[in-house]
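Peer 1: A structural model of the following input is requested.
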Amino acid sequence: MAKISTFGMNAAFQLGFERIADVRGITSVVSLFKNSMILSGIYLQIRPDKTAYIGKTNNMPARFEQHLARGVVIEELAFMPVLAKYVDEKEKQLIALAEKKGIPLDNLALRERHLENRKNLKSILNDSELNDWLNPQEKSTGSGLWLQTYHGMHPGLRHQLDLARAHPVWPQIFPAAKYFVQHIIPKPKETYDDFWSACAYTRKIEETFSSVIRVHAGSLTLLNLGSYRVAPFEPWGWIDCKKDDLMATGYTLNRLKTDFPYANIIDEDNFVRIGTSTRLLLTVIEKLKKPLRQTTLTAMNNALLQKGNLALECLLCY
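Peer 2: The predicted structure is shown next:
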């Protein structure tokens with residue numbers, strides 16, 4: 001027999017059962033009661049999901065077989081002999097004690113009580129909110145705009161966006177791109193396509209880094225998100241920020257390396273490129289919000305050299 005679980009021993013001890021037995025694979029417990037004068041009492045079952053069940057019976061061996069016949073899986077069993085006329089009261093006492101001790105119980109009566117006490121859904125979701133939720137297109141202008149834009153684009157641009165959304169790292173990088181657009185670019189809904197753009201994935205297998213989403217302003221790539229060829233499922237990204245804008249907020253290369261030890265910091269003439277995993281890049285963007293906004297604003301004053309994917313830009317704005 002397997003060793004009795006710590007959960008089973010603890011539950012039995014706290015509820016006053018003298019012993020607990022391993023009954024895995026057993027179809028009858030008659031042998032456990034050969035010398036017993038009383039078969040009535042309270043039993044404690046330990047089930048596979050580490051929950052307990054407390055029940056009463058006038059015949060423990062027969063009750064055990066009834067549970068098995070209903071498909072109940074019992075790993076451990078404890079029994080407390082109690083005269084038949086007292087089992088009802090004793091069962092109530094032990095269930096109350098188990099609840100007080102914090103022992104998770106699987107008793108049906110407790111589940112029904114929980115259902116009776118739980119909140120009514122209508123107290124959380126009123127008729128108006130329910131109607132809005134069931135008819136999202138009536139008020140969801142952002143969703144409608146991006147779908148209209150998507151279907152109105154050239155098939156090649158639609159294909160590029162489809163490839164981007166199918167890329168393994170899309171679920172991790174899209175929220176980061178959206179965060180960047182909505183926190184770093186001024187009034188993105190009014191300025192996209194004229195002052196900033198976003199490009200979707202273009203397959204270039206030979207390149208070391210595969211871009212999935214890129215955000216541009218003027219001739220500058222503000223944000224580049226994707227993955228490396230050697231680790232295609234690991235989201236990665238980098239941002240560019242002007243040195244002058246960083247210095248104006250007190251940042252030097254040494255301070256950047258100190259504040260962002262997990263990032264790859266590259267000095268490129270008038271700009272500093274900061275690259276790291278997409279998850280950590282969000283922290284960099286948040287801490288460098290002011291200099292990034294200044295760099296972006298300066299870049300947006302120049303002519304936009306690269307048109308983007310309008311549907312992607314809508315997704316990032318709304």
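Peer 1: what ranges of the stretch 51-200 of the chain fall below the confidence cut-off?
Peer 2: Within the stretch 51-200 of the chain, the stretches with pLDDT under 70 are 108-122, 124-125, 130, 133-143.
Peer 1: domain assignment for the protein?
Peer 2: Following automatic domain parsing, one finds the domains of the chain at 6-117, 140-317.
Peer 1: would you list those domains in a markdown table and tack on mean neighbour count and distance to S123?
Peer 2: All C-beta spots, glycine's among them, are computed from the backbone N, C-alpha and C. Formatted as a markdown table, those follow (neighbours: other C-beta atoms under 10 Å; distance: least, C-beta to C-beta, whole Å):
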| stretch | mean neighbour count | distance to S123 |
| --- | --- | --- |
| domain 6-117 | 15 | 13 |
| domain 140-317 | 17 | 25 |
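Peer 1: Could you work out which of these reaches nearest to D127?
Peer 2: Checking those against D127 by C-beta to C-beta gives domain 140-317 as the closest, at 18.8 Å.
Peer 1: from the middle of its chain, how far away would the closest one be?
Peer 2: 24 Å (C-alpha atoms, centre = their mean, to the nearest Å).
Peer 1: before we move on, what about stretch 53-72?
Peer 2: Distance, centroid of stretch 53-72 to centroid of chain: 39 Å (C-alpha atoms, centre = their mean).
Peer 1: Send over that stretch as CSV, restricted to the C-alpha atoms.
Peer 2: Taking only C-alpha atoms (Å, rounded to 0.1, in the frame of the first residue of the first chain), the coordinates of stretch 53-72 have been written out as CSV:
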residue,chain,number,x,y,z
TYR,A,53,-15.7,14.0,2.0
ILE,A,54,-17.6,13.5,5.3
GLY,A,55,-20.5,11.1,5.4
LYS,A,56,-22.7,9.0,7.7
THR,A,57,-23.7,5.4,7.4
ASN,A,58,-25.3,2.5,9.3
ASN,A,59,-23.1,0.0,7.4
MET,A,60,-19.7,1.2,6.4
PRO,A,61,-18.6,-1.7,4.1
ALA,A,62,-21.9,-1.5,2.2
ARG,A,63,-21.7,2.3,2.0
PHE,A,64,-18.1,2.1,0.6
GLU,A,65,-19.2,-0.2,-2.2
GLN,A,66,-22.1,2.2,-3.1
HIS,A,67,-19.6,5.1,-3.5
LEU,A,68,-17.4,2.9,-5.8
ALA,A,69,-20.5,1.9,-7.8
ARG,A,70,-21.2,5.6,-8.5
GLY,A,71,-17.7,6.1,-9.8
VAL,A,72,-16.2,7.9,-6.8
